[in-house]
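A.B. asks: fold the following, please.
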Amino acid sequence: MKKFAHSENRWGVKHSLREHLTRVADLAEEYLLNGTSPPEGRLAGLLHDLGKYGNLFQRRLEGKESGLDHWTVGAWMAMAQYKSLAAAFTIYGHHVGLPSFQELKRISKLAEFEKNHPYGLRLSDSDCERLMARFTEDGLSVDKPAKPIFTSNTLSLGDMLDQRRIFSALTDADFIDTEAHFNGDENGKVYRESGPTLQAEKALEILQVELDCLSANSDPGNAITRVRKTLLNNCLDAASNSTGLFTLTAPTGSGKTLAMLVFALQHAVKHKLRRVVMVIPYLTITEQTAKIYRDLFEAHFGPHYVLEHHSLAGMGKEDSKADAEQEQERQRRLLSENWDAPIVITTSVQMLESLFSNRPSSCRKLHRLAESVILFDEVQTLPLHLSVPTLAALSHLAHQWRSSVVFSTATQPAFQHLQSQVIPLVETGWQPHEIVSQPQQMADQLRRVTYHWPEPNQQTDWPELAQNIEQQAQALCIVNLKKHAKALWETLVEEAEDEESVLHLSTNLCAAHRQQVLEEVRQKLDDKRPITLVATQCVEAGVDIDFPAVWRSIAPLDAIIQAAGRCNREGKLEKGELTVFIPEDTPYPPMAGYLQATKITEHLLRTVGTTNFDPHQSELIQRYYRELYDLGRPSERAKELLNAIKNVDFPEVAQQYRLIKQDSINIIVPYTERSSLYKELLAEASEQGLSQKWIRKARPLTVSLYRPKAEEPIWGALQPVNYLRTPENKMTDWFVYLRKEDYHPNLGLVPPKQLHLWMA
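C.D. replies: Numbers count the residues shown, from 1 in each chain. Below you'll find the predicted structure:
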């Protein structure tokens, strides 16, 4: 009897198992035919659903059975008969996630494994000989890999990445072919439309026209114009180098956003690379960059040439009344699943956590990173405790997947100082090539800010600080804590002639509210109207605003330099003024290492002296990072993660590698300007519960807070949003805030007695 992989589609057509296994194997093999090609993708594709040849599974398709495991027998066959550990890991994990090696070992005794199945399932058939006989009768055959990518049970970090790449190829192929079946018609499967190809040469020509236009409208004698031209030439020259690791060190305002793209496209032309991935730590910069790139290429290549993949991408388009816009958003979401686009713009969390993930949905896109240029902006934000495994992973990716990785920032961390800690994880270590030939000279040319430093222990209270800030018609003050931002905002408003000229920005404001505030700030700056903005670090890196005067609470040196990037950004003044102060109340955010990095800044200030303390000097920046790494001991702080890698424990690695603390909750807030959306979300939360669609729709109104203690009164205002369709009505970390009076029009969410919340 003919065996099937999936039930009937809407046209009553069942999915042939033979056809599914063949097509998934073809696709997986195709996805891996780039860079250095692991040979086991085809093997995994052919065996991944071997258990579906079992009678129990065929009965399941008729609705007569349930609770079956149809994948473990394929993993057993790959490991026991074809000696492919990589295919076994891949097959076993393609529904439940990559396991630990200890869990995978258990399948060597199938009968015992079934008795104590980790998910409480039954095997669809434990007789592997019978299943392989049906497989052969179906006209299928499997070749043993001539050279498996690894044979040892002890996998290195690089081996685990290569394993994820095969896993990525299989899961993507399986998703694509299954989707095509259910989207099919009476004539067969209908595959989704593939994303466009890079066309790097043509894209570079379009970019060059834009750069020529910008140059023609710039003053050739202006320092910024000269620096931007130098940076572009450096990028073009460096693009001819072999694929590998690169750093790009250039000051704020030097045009890194377009210069990096010049390097990437020229590099892609030179080495026939297939994709450019831009990785950015903050959503505000992500959206800015995406708009710049879309404006460049959309008219020439269509709407999906530049793909945004982050939590706010497509915000508001899902419910658009325009059919064309809805279809574009649907297509964007499909392409986001596997990064099937020539230019991808994403977040550090999305990119880096995927490299260490074990989940099919997260890993599905990883095979697209081979033969790509991967650009990391603002790399100084990489958490110290994750720096060593991150550098090791990216080094392996660059050297073994025929890709290039670029680390770009104005304050390049001294990652080479960690070389001795990286080499034990990957023998290639961390030895990047610097794109900019004379970064110090470039920094000297763009000295647009005069720094004013506090003397040791010279503290400033809010009234005194407010009095100083009020002397400026347009000023920005960045503080470390939300409660500091609130206290200073209230002090300034109390004394202000025009309350509307004093604005506040922190992540107590939802995304839509922050966007509205930034638009108002930019408009007042452009109109030369009075404006004072009090903000937390969320405004610091990459946000395109330009104040003549900036105040910054004492902080890590890289944060102070980033704050200076919001001062005289366009060089319209001879010099902007940046004043660093020590607030009277000086606790610090609980982010890992923030206090330690701040203390190192204070130590250097005392050692070097305020007169000679010059953040434009690269040697000072390097000294800061060397001391930070020596004191921070990143490998020790990543001990649990490194042990999980040593033990080949994919789930534990994924659990330990987190850029953002997980003890937080997501709250949908009643922002007045989006009240209709709030009401819709509240109604849908009660009627339908949590879903991916609901989360996407809720992002504009979301505020994240560290999880309050059980006795704190905020819980009385929170309505949980649960998975209503699960038998246990499973709890989530999503809530709707019910007290509209607690969402302040300027300060955002201010729950009673919750003003000490720390997240910036």
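A.B. asks: domain parsing for the chain?
C.D. replies: Split into domains by automatic domain parsing, the chain comes to 4-182, 200-443, 448-615, 664-749.
A.B. asks: could you dump stretch 700-719 to CSV, C-alpha only?
C.D. replies: Coordinates of each C-alpha in stretch 700-719 appear next as CSV, following Å, rounded to 0.1, in the frame of the first residue of the first chain:
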residue,chain,number,x,y,z
PRO,A,700,3.8,48.6,19.6
LEU,A,701,2.1,48.7,23.0
THR,A,702,4.6,46.4,24.9
VAL,A,703,6.7,47.5,27.9
SER,A,704,9.1,45.0,29.5
LEU,A,705,9.7,45.0,33.2
TYR,A,706,11.8,42.7,35.5
ARG,A,707,9.4,40.3,37.1
PRO,A,708,8.0,41.9,40.2
LYS,A,709,8.0,40.1,43.5
ALA,A,710,4.9,38.1,44.4
GLU,A,711,3.8,40.6,47.1
GLU,A,712,4.1,43.7,44.9
PRO,A,713,0.8,45.6,44.1
ILE,A,714,1.4,45.7,40.4
TRP,A,715,0.0,42.2,40.0
GLY,A,716,-3.4,43.5,40.9
ALA,A,717,-3.5,45.6,37.7
LEU,A,718,-2.3,42.8,35.4
GLN,A,719,-4.5,40.4,33.4
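A.B. asks: mind listing what's buried along it?
C.D. replies: For stretch 700-719, a neighbour-count test (16 or more other Cβ atoms under 10 Å) marks 700, 701, 702, 703, 705, 714, 717, 718 as buried. For glycine as for every other residue, the C-beta is placed from the backbone atoms N, C-alpha and C.
A.B. asks: host element of residue 399?
C.D. replies: According to DSSP states H and E, residue 399 maps onto helix 387-400.
A.B. asks: re earlier: including secondary structure and distance to residue 169, could the buried residues of stretch 700-719 go into CSV?
C.D. replies: Supplementary listing: those in CSV, determined by DSSP: H, G, I helix; E, B strand; the rest coil; distance: Cβ to Cβ, whole Å:
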residue, secondary structure, distance to residue 169
700, helix, 35
701, helix, 37
702, strand, 33
703, strand, 38
705, strand, 39
714, helix, 45
717, helix, 47
718, strand, 42
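A.B. asks: any chance of the domains of the chain in a markdown table, with mean pLDDT too?
C.D. replies: Converted to a markdown table, those look like this (pLDDT from 0 to 100):
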| stretch | mean pLDDT |
| --- | --- |
| domain 4-182 | 93 |
| domain 200-443 | 89 |
| domain 448-615 | 90 |
| domain 664-749 | 88 |
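A.B. asks: for residue 632, which of these is the nearest?
C.D. replies: Proximity to residue 632 (Cβ to Cβ) singles out domain 200-443 among the domains of the chain, at 4.8 Å.
A.B. asks: ramachandran coordinates for residue 669?
C.D. replies: When read as degrees, to the nearest 10, the backbone of residue 669 gives phi -110, psi 150.
A.B. asks: and residue 477, by the same measure?
C.D. replies: Taking degrees, to the nearest 10 as the convention, residue 477 sits at phi -130, psi 120.
A.B. asks: would you map the strands across the stretch 651-760 of the chain?
C.D. replies: Per DSSP state E, counting those that start in this stretch, the stretch 651-760 of the chain has strands spanning 664-668, 702-706, 718-720, 734-737, 743-744, 748-749. These are given in chain order.
A.B. asks: max pairwise distance over the buried residues of stretch 700-719: which two?
C.D. replies: Pairwise distances across the buried residues of stretch 700-719 peak at 21.3 Å for 700 and 714 (criterion: Cβ to Cβ).
A.B. asks: sorry, back to before: what would the buried residues of stretch 700-719 look like in TSV with distance to residue 308?
C.D. replies: Formatted as TSV, these follow (distance: Cβ to Cβ, whole Å):
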residue	distance to residue 308
700	15
701	19
702	17
703	22
705	26
714	32
717	33
718	30
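A.B. asks: now the strands of the stretch 651-760 of the chain as TSV including distance to residue 623?
C.D. replies: Listed next are those as TSV, based on distance: least, Cβ to Cβ, whole Å:
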stretch	distance to residue 623
strand 664-668	34
strand 702-706	33
strand 718-720	46
strand 734-737	44
strand 743-744	42
strand 748-749	38
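A.B. asks: by contact count, what packs against the strand or helix carrying residue 129?
C.D. replies: Residue 129 is part of helix 128-137 when elements are defined by DSSP H and E. If you count contacts as 3 or more Cβ pairs under 8 Å, 6 or more residues apart in numbering; DSSP states H and E, helix 128-137 packs onto helix 72-80.
A.B. asks: just the C-alphas of the helix it packs on, formatted as PDB.
C.D. replies: Taking Å, rounded to 0.1, in the frame of the first residue of the first chain, the C-alpha atoms of helix 72-80 are listed here in PDB:
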ATOM      1  CA  THR A  72      13.600   8.400  16.500                       C
ATOM      2  CA  VAL A  73      13.900   5.200  14.300                       C
ATOM      3  CA  GLY A  74      15.400   7.300  11.500                       C
ATOM      4  CA  ALA A  75      17.900   8.800  14.000                       C
ATOM      5  CA  TRP A  76      18.700   5.200  15.100                       C
ATOM      6  CA  MET A  77      19.300   4.100  11.600                       C
ATOM      7  CA  ALA A  78      21.500   7.100  10.800                       C
ATOM      8  CA  MET A  79      23.700   6.400  13.800                       C
ATOM      9  CA  ALA A  80      23.700   2.600  14.000                       C
END
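A.B. asks: related to what we said a few turns ago, pull the residues that contact the next helix or strand after the helix holding residue 399.
C.D. replies: Sequence-wise, the next helix or strand beyond helix 387-400 is strand 404-409, with elements assigned using DSSP H and E. Under the criterion Cβ atoms under 8 Å, 6 or more residues apart in numbering, residues 243-250, 256, 260, 263-264, 267, 271, 273, 372-380, 394-395, 397-398, 415, 432, 435 lie in contact with strand 404-409.
A.B. asks: partner strands of strand 404-409, with direction?
C.D. replies: Looking at strand 404-409 with DSSP bridges, its partner strands are strand 245-249 (parallel), strand 372-377 (parallel).
A.B. asks: start to end distance for stretch 550-563?
C.D. replies: Start-to-end span of stretch 550-563 (Cα to Cα, to the nearest Å) is 8 Å.
A.B. asks: mind listing what's buried along it?
C.D. replies: For stretch 550-563, burial by neighbour count (16+ other Cβ under 10 Å) applies to 550-563.
A.B. asks: just stretch 111-131 next, same as before
C.D. replies: Taking 16+ other Cβ under 10 Å as the neighbour-count basis, stretch 111-131 is seen to contain the buried residues 113, 121, 123, 124, 125, 126, 128, 131.
A.B. asks: keep only those of those residues that are in strands.
C.D. replies: Taking DSSP state E, the ones among the buried residues of stretch 111-131 that sit in strands are residue 123.
A.B. asks: out of the buried residues of stretch 111-131, who's nearest residue 526?
C.D. replies: For these, the residue nearest residue 526 by Cβ to Cβ is residue 121; the value is 61.8 Å.
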